[in-house]
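Q: predicted model and sequence below, questions to follow.
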Amino acid sequence: MAPVERYDSAVASRQLESRPGRTPVLRKVGAGLILLAVAALAIQFVIHLIIGVIIVCAVIVAAVAVLWALRTIL
């Protein structure tokens, strides 16, 4: 049993030593910039989607108005 315990403690100590204590500042800044870029793209996508729906509705309303006007005149 003793050799297994020594091996486990050696592996555990190497794993603890290989991990950095804190995330480097540049990695945090890069991650923040990526999150900002993705958020900006998502907001633009939603805005363009809403504008597209509004344009389609406006075209449909205009077509119905033209048809109504033609039926009223003729």
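A: Received, thanks.
Q: so where's the protein shaky on pLDDT?
A: 1-21 (pLDDT under 70).
Q: can you rerun that using 90?
A: 1-23 (pLDDT under 90).
Q: next, name the residue at the spatial heart of it.
A: Centroid-nearest residue in the chain: Val38, 4.9 Å away (criterion: Cα atoms, centre = their mean).
Q: okay, and that residue sits in which element?
A: helix 25-73 (DSSP states H and E).
Q: run the chain-centre distance for that helix.
A: Centroid displacement of helix 25-73 relative to its chain, using Cα atoms, centre = their mean, to the nearest Å, is 17 Å.
Q: what do you get for stretch 23-36?
A: With Cα atoms, centre = their mean, you get 15 Å for stretch 23-36.
Q: ok so, going back, name the helices or strands packed onto the helix holding Val38?
A: Judged by 3 or more Cβ pairs under 8 Å, 6 or more residues apart in numbering; DSSP states H and E, helix 25-73 is in contact with no other helix or strand. From N, CA and C alone the C-beta is placed, and that goes for glycine too.
Q: tell me how far Leu70 lies from Leu49.
A: 32 Å (Cβ to Cβ, to the nearest Å).
Q: separation between the residue nearest to the centre of the chain and Ala31?
A: 11 Å.
Q: same check on Thr23?
A: 8 Å.
Q: then Val59?
A: 42 Å.
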